[in-house]
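Enquirer: Here's my sequence, what's the structure:
(one chain, ligands or ions: 2)
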Amino acid sequence: MKTSSIAVPVQQRAADDADSIWFAGDAASQPMLPVRDFAACACGQNQFVVSGGFGSDLGTWPTHRRSHAAALIGHQLFVHGGLNADGAHLADMWCLDLQSWQWRQCCAAQGSEAAVGPSARRAHTLEVVGNRYLLLHGGYDGTTLLGDTWVFDTRSSTWLAVDVQAPASEMPVPRALHCLTSIGERFVLLGGKGPLGELGDVSLLECPAVQHGRRLQQQQQASQAQLLRCQQRCAQLDADLACNRAELREAKQQLQASLQQNSQLAAEAAASSKARTALESQLQEARGAAATAQQASQQAAAHVEALERRLARARQGGNKAMQAAASLTQQLQAAHAKGNALRQQLQQAQQQLQQQHLLLCERAAELAVVRSELTECRARANSAAAASSSAQSDFRVALARSNKLYSQELCHTQGLLQAARKSQKQLAQQPPAAVGFSSKAAAQKRKRQQQRQRKRQGKADDDEDDAELTELSKAQHVITVPDFSPVSQQLRDVFDERFQDPRHTTQERFLWDYWYVKDQYTLHRTQASAYFPEQLHSQLVDALLEYGEKQLGCRAISPVWMSYYIDGCGQDLHCDSFHGPFAYVLSLTPWEGRIFTGGETQILQPQLLGSFWQSFSPGKGMELTDLVTLVEPRFNQLTVFDPRFPHGVRPVAGTRDPQKGRLVLHGWFTEPSPFFDGPLPEEEALQDLNAALFPMFDQLQALPQVTGTISMQLRVSGETGAVTDVTFLADTLVALPAAAADLGLGSGLLDSGTIRGAVQHVIRDSLMAAEFPESEEGDTVITLPLVFE
Ligand SMILES: O=C(O)CCC(=O)C(=O)O
Ligand SMILES: [Fe+2]
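Expert: Numbering: from 1, shown residues only. Ligands and ions are numbered 1, 2, ... in the order given. Sure thing, here's the model as predicted:
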């Protein structure tokens, strides 16, 4: 479409309706300039653009031109060549952006060195190919009609000459003012003005590149369509993605929530596992406590058992003691009766003495009478002076008779006096606190035995008139038993284990009491029953009880003490016989390898007691061991001694380590009472034993008084019921100095032999005369303790 007026696009304005056209500035103030030879192109459904033309003044825009060529690709309008106002042909290519309304020159103007492209021309055609390329054909340069063909690449702004291939007869002639338009992939060249004038031919131009371009275009379109689909797909995917992201966010939130829940659960799990661990440890502790309680209850049961055993033994002992007490009461009653009888005898004897005295007086009167008779006789003889010799002999006979009578009466009176004194003495002296038993049933038997005994005694007295009373066993104020108990090592091990680690602070470790009495006792002490396991302690107690019963005739022991002595510990001299007749010390000290000095048990020498000066010799010095017996507490040695003797423990020096010091278990043997080891029934055998002891006490009372304990063993034949042997086991008897002095002996000690010998002989003879029931099951060994107080 052509118009006679055209808008000058100094300013642009968007068309607001279908009939609008482009014009410059304000339509009212900017008059339309008449132009011709302009180019116009449609640029929208209801839009077109006009450019160039003759007579227009376009200022800084491309040079004013006419007869140029133009083509539109998208919003870009391309303009090439034409005639300028001076009539010169142009070869430049411009582009107008229809959105920004800016011109730009696409490539250098023809004629410059850099320029490659079609020559300057007018009246040529410019056709769009493939929405990117512009196909330029023909035109007129002022002298020549042109027939060349060029392609302009709008993206790279480069020109390419197209070498059109065709037979010479079919090659279109050069032309201007023609028309070139595309139909599909082909170009149609139509009319124009040729070298020979107006042309009416139509040429079909096929360009493989164009075709290719078209295909590319189609492909591009297809690609674009695909791209579109892809974009749609992408959009879809984006939507999906957004959806997924939302889901992801939700999932993440859920994950976050479940992670939180998880960590909460983990915390709860950790807490419950901690609680479980705590419960488990509580359970463990409870189990431990239960085990300990069970152990304790077992130990308690064992303890109860042991106590029950001991109780049974104690009950037995108690029964026996009660029986003994009853027997002693009977004896006492008998002794009272006897005393009364003796008192009666004494009264009788006194009465007799008075009678005798009277008799003596009478006799003395008689004697005086006789003497006066004699005097009379003498007077008569003197007066008779030569009396007969028969009268003299009568006088001598009478004198002799009277003298004999007098001395007989005197002797008789003195005998009675002696008997009375002896009765008084017997009454004054108590029988020894030895154990003897009697019963009414056995009384007659005892009487018979007493008679037999007296008979034997009479014989023995006859024998002893000549026999020397030698000792039957040595005085033993100390007895040592090596290798005493098989449990000693285990006891030591328990001690060592508890002291193994000096930093070990268990309950059993701190059971010790520090016993300090100034200038007397310094040591560490505890009860063995509290320290050792029950079973081990029972074994120890059993061993001590067995030894006490069989070797000493003691039926019980005091609680066992355990003491350790380190630097500065010891015991000064003391006597502790009130605990029991025998003291014992069982050593758990590894004596051979000791690193301390001292620690021996020291016991005063017997000869120092009672009559020190008797055995004192001014020419002979004395040292510690002359004054005290030193007993080394060798490992597992049991030392038994008479606790009436002053004794102690020599001060320990050289170590503060309990494990390296002196360690001993000690206590006292108590309850002296006969112990029967064999088939004899105890009760019956006690009566028989008592029957033998009763007269023995009578005999012992006639001897000087002794004090201490003597234990012996009687072997009773099962076959005959007779005593076959009496062996003295432990003997701590001492004659009281006063008693010894009575006998005219200097020493109060049994080592002198005489008094001890006499006591032992009486005991042995009395016991050898004892009679027991026969037993087919064999011999019985009786351990018998006699305590003299
Ligand atoms: O440990 C010793 O050797 C004697 C102990 C003693 O005499 C006592 O503890 O009374
Ligand atoms: Fe003691």
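Enquirer: report the longest helix in the chain, please.
Expert: helix 208-384 (DSSP state H).
Enquirer: elements contacting that one?
Expert: Here helix 208-384 touches strand 125-129, strand 133-140, helix 389-428, helix 534-547, strand 554-557, helix 682-701, going by 3 or more Cβ pairs under 8 Å, 6 or more residues apart in numbering; DSSP states H and E. For every residue, glycine as well, the C-beta is placed using N, CA and C.
Enquirer: Around ligand 1, which positions in the stretch 651-789 of the chain sit nearby?
Expert: For the stretch 651-789 of the chain, the residues in contact with ligand 1 (Cβ under 6 Å from any ligand atom) are 664, 666.
Enquirer: can you give me the helices for the stretch 651-789 of the chain?
Expert: Secondary structure of the stretch 651-789 of the chain (DSSP state H, counting those that start in this stretch): helices located at 682-701, 737-742, 754-768.
Enquirer: would you turn those into JSON lines with distance to Asp238, mean pLDDT and mean neighbour count?
Expert: Formatted as JSON lines, the helices of the stretch 651-789 of the chain follow (distance: least, Cβ to Cβ, whole Å; pLDDT from 0 to 100; neighbours: other Cβ atoms under 10 Å):
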{"stretch": "helix 682-701", "distance to Asp238": "116", "mean pLDDT": "86", "mean neighbour count": "21"}
{"stretch": "helix 737-742", "distance to Asp238": "132", "mean pLDDT": "57", "mean neighbour count": "16"}
{"stretch": "helix 754-768", "distance to Asp238": "128", "mean pLDDT": "86", "mean neighbour count": "21"}
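Enquirer: if I look at Leu177, how far off is ligand 1?
Expert: 154 Å (Cβ to the nearest ligand atom, to the nearest Å).
Enquirer: swap that for Leu205, please
Expert: Taken as Cβ to the nearest ligand atom, the span from Leu205 to ligand 1 is 144 Å.
Enquirer: May I have the phi/psi pair for that residue?
Expert: phi -110, psi 120 (degrees, to the nearest 10).
Enquirer: thinking again about what came up before, least reliable of the helices and strands packed on helix 208-384 by average pLDDT, please.
Expert: Among those, helix 389-428 carries the lowest mean pLDDT, at a mean of 46.
Enquirer: Indicate the residue of this structure located nearest to ligand 1.
Expert: Thr601 (3.4 Å; Cβ to the nearest ligand atom).
Enquirer: burial of Leu786, as a residue count?
Expert: 26 (other Cβ atoms under 10 Å).
Enquirer: residues contacting the closest residue to the residue of the chain closest to ligand 1 other than its chain neighbours?
Expert: Residue nearest to Thr601 in three dimensions, not counting chain neighbours: Val631, with 4.3 Å by Cβ to Cβ, 6 or more residues apart in numbering. Residues in contact with Val631, defined by Cβ atoms under 8 Å, 6 or more residues apart in numbering, are 478, 480, 585, 600-603, 639, 641.
Enquirer: Quick one: the residues you listed as TSV, columns for pLDDT and secondary structure too.
Expert: As requested, the contacts of Val631 are arranged in TSV below (pLDDT from 0 to 100; DSSP: H, G, I helix; E, B strand; the rest coil):
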residue	pLDDT	secondary structure
Val478	92	strand
Thr480	95	strand
Val585	98	strand
Glu600	97	coil
Thr601	96	strand
Gln602	95	strand
Ile603	93	strand
Thr639	97	strand
Phe641	95	strand
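Enquirer: Throw these into a markdown table and include distance to Ala296 and neighbour count, thanks.
Expert: Shown next, in a markdown table, are these (distance: Cβ to Cβ, whole Å; neighbours: other Cβ atoms under 10 Å):
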| residue | distance to Ala296 | neighbour count |
| --- | --- | --- |
| Val478 | 40 | 17 |
| Thr480 | 38 | 17 |
| Val585 | 31 | 21 |
| Glu600 | 39 | 20 |
| Thr601 | 36 | 25 |
| Gln602 | 41 | 22 |
| Ile603 | 41 | 22 |
| Thr639 | 34 | 22 |
| Phe641 | 37 | 22 |
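Enquirer: what two of those have the greatest distance between them?
Expert: Across the contacts of Val631, no pair lies farther apart than Thr480 and Gln602, at 13.9 Å, counting by Cβ to Cβ.
Enquirer: number of nearby residues for the closest residue to Phe187 other than its chain neighbours?
Expert: Spatially, and ignoring its direct neighbours in sequence, Phe187 is nearest to Leu205 (3.9 Å; Cβ to Cβ, 6+ apart). Neighbour count for Leu205, taken as other Cβ under 10 Å: 19.
Enquirer: so Leu205 makes contact with Gly184?
Expert: No: between Leu205 and Gly184 no contact is recorded; they are 12.0 Å apart, counting by Cβ atoms under 8 Å.
Enquirer: for Asp141, what are its contacts?
Expert: 89, 119-122 are the contacts of Asp141 under Cβ under 8 Å, 6+ apart.
Enquirer: any chance of the residues you listed in a markdown table, plus secondary structure, distance to Arg492 and pLDDT?
Expert: Below are those laid out as a markdown table (DSSP: H, G, I helix; E, B strand; the rest coil; distance: Cβ to Cβ, whole Å; pLDDT from 0 to 100):
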| residue | secondary structure | distance to Arg492 | pLDDT |
| --- | --- | --- | --- |
| His89 | strand | 138 | 93 |
| Ser119 | coil | 133 | 91 |
| Ala120 | coil | 134 | 92 |
| Arg121 | strand | 135 | 94 |
| Arg122 | strand | 138 | 95 |
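Enquirer: hmm, back to that, present the helices of the stretch 651-789 of the chain as JSON lines; the columns should include distance to Pro174.
Expert: As requested, the helices of the stretch 651-789 of the chain are exported to JSON lines (distance: least, Cβ to Cβ, whole Å):
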{"stretch": "helix 682-701", "distance to Pro174": "168"}
{"stretch": "helix 737-742", "distance to Pro174": "182"}
{"stretch": "helix 754-768", "distance to Pro174": "178"}
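Enquirer: which stretch among these comes nearest Val79?
Expert: helix 682-701 (155.4 Å).
Enquirer: Just list what the closest one packs against, helices and strands only.
Expert: helix 208-384, helix 440-464, helix 754-768, strand 780-788.
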